[in-house]
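A.B. asks: sequence and predicted model, in that order:
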Amino acid sequence: MSSLFRELLFNAIMKIAAGKRWPSDQPGDIFSPRALTDLCDYIPILRWVGYGGLEKGVISLHQKRDEFLQGLIDQTRKEVAEDGSCSTERRKTIIQKLLSLQEAEPEYYTDEIVKGIIQLMLSAGTHTTSQTMEWALSSLLNHPNVLQKARDELEKMQPGHLLNDSDLSKLPYLRCIINETLRLFPAAPTLVPHFSSEDCTIGGYEVPKGTTLLVNVWAIHRDPNVWEEPNKYKPERFEGMDEAIRLAGLTLGTLIQCFEWQRVGPEMVDLEENQEATLGKAKPLEASYKPRPSMIKTISQL
Ligand code: HEM
């Protein structure tokens with residue numbers, strides 16, 4: 001499932017940014033979380049020993065990302081120039097919009113800024129969301145009663161109607177499932193590093209100017225002083241709360257609505273975590289699924 005979720009996210013974000021799918025010959029790993037951090041920033045002595053060529057690797061990845069993003073910008077610029085009728089109002093993708101802004105304010109909206117924005121979307125938005133979906137489905141397979149409850153909620157919709165994002169507000173239990181997934185498996189377990197530009201106090205701790213701060217959200221989300229039975233998977237704890245992530249909700253809801261899901265064997269899905277900047281599964285999820293009879297007609301028309 002992990003590669004399917006990742007593909008979905010790369011396609012979705014590319015569509016928003018550049019109006020097309022992710023190119024099949026382009027590996028997505030140039031935007032992987034591994035490519036975001038340079039360990040040498042945290043343990044400077046590693047720089048002296050060249051820590052397994054890690055820093056060189058980061059520089060080479062940066063060049064590949066830059067080439068890819070510049071290609072997207074150049075291609076969009078060419079398409080806009082060729083389509084003379086494409087007025088600024090009709091430009092729909094984020095790159096098109098940013099290039100319109102560049103025409104108006106070239107000193108600010110340089111290609112570097114445009115590339116930075118698209119790079120952030122691709123590196124911060126893809127693995128976080130796809131890993132959250134994988135954790136959500138893994139937990140559901142280990143808790144068939146929760147999966148059944150989510151299906152019962154979806155069953156209340158018109159037969160044969162395929163879920164769309166305007167339905168999400170009517171699916172409070174699905175929202176609880178996403179929230180519980182984000183609590184137990186926060187995609188950014190230490191947030192992103194924050195750097196204090198001035199002396200400040202955070203949670204009673206004095207933080208001097210120039211400190212890099214990592215917040216252990218993973219531990220806060222399992223703190224028994226904050227949560228009842230913190231290690232227990234219990235989506236009901238979020239009943240009455242509104243917030244949840246739309247694409248994860250829509251994808252998960254559609255998968256539950258359209259397919260019967262089962263673990264591939266009698267063993268529970270392994271929930272071991274990886275050791276990377278974003279919290280993924282150590283072992284990718286494999287699941288068995290078949291279309292639900294009531295949705296076969298709808299699925300076959302897609
Ligand atoms: C399940 C999905 C996601 C989760 C759990 C998540 C979580 C987070 C967290 C915890 C942070 C750090 C906040 C902080 O420390 O101040 C962050 C930052 C960020 N996220 Fe997400 N994110 C998700 C999806 C996305 C998506 C889809 C995008 C964009 C397409 C995105 C773009 C960003 C950006 C640009 C930042 C940096 C913001 C800054 O510079 O302050 N994220 N995200």
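C.D. replies: Thanks, I have the structure now.
A.B. asks: name the single longest helix found in this protein.
C.D. replies: When the chain is parsed with DSSP state H, its longest helix is helix 111-142.
A.B. asks: after it, next one along is what?
C.D. replies: helix 144-155 (DSSP states H and E).
A.B. asks: give the buried residues for that next one.
C.D. replies: Buried residues in helix 144-155, counting neighbours by 16 or more other CB atoms under 10 Å, are found at Val146, Leu147, Lys149, Ala150, Arg151, Glu153, Leu154. Backbone N, C-alpha and C define where each C-beta goes, glycine included.
A.B. asks: and stretch 269-284, by the same measure?
C.D. replies: Val269, Leu271, Glu276, Ala277, Thr278, Leu279, Gly280, Lys281.
A.B. asks: what's the farthest-apart pair in these?
C.D. replies: Within the buried residues of stretch 269-284, two members stand farthest from each other by CB to CB: Val269 and Ala277, at 22.9 Å.
A.B. asks: any idea how far Ala248 is from Ile220?
C.D. replies: 21 Å (CB to CB, to the nearest Å).
A.B. asks: same thing with Gln26?
C.D. replies: Distance from Gln26 to Ile220, by CB to CB: 37 Å.
A.B. asks: what number of residues lie near the closest residue to Asn179 other than its chain neighbours?
C.D. replies: With sequence-adjacent residues excluded and distances taken as CB to CB, 6 or more residues apart in numbering, Asn179 is closest to Phe238, at 4.1 Å. Phe238 sits with 20 neighbouring residues when counted by other CB atoms under 10 Å.
A.B. asks: next up, the contacts around the closest residue to the ligand within the chain.
C.D. replies: Nearest residue of the chain to the ligand (CB to the nearest ligand atom) works out as Gly125 at 2.8 Å. For Gly125, the contact set (CB atoms under 8 Å, 6 or more residues apart in numbering) comprises Leu9, Ile13.
A.B. asks: show the pLDDT at it.
C.D. replies: You'll see Gly125 listed with a pLDDT of 92.
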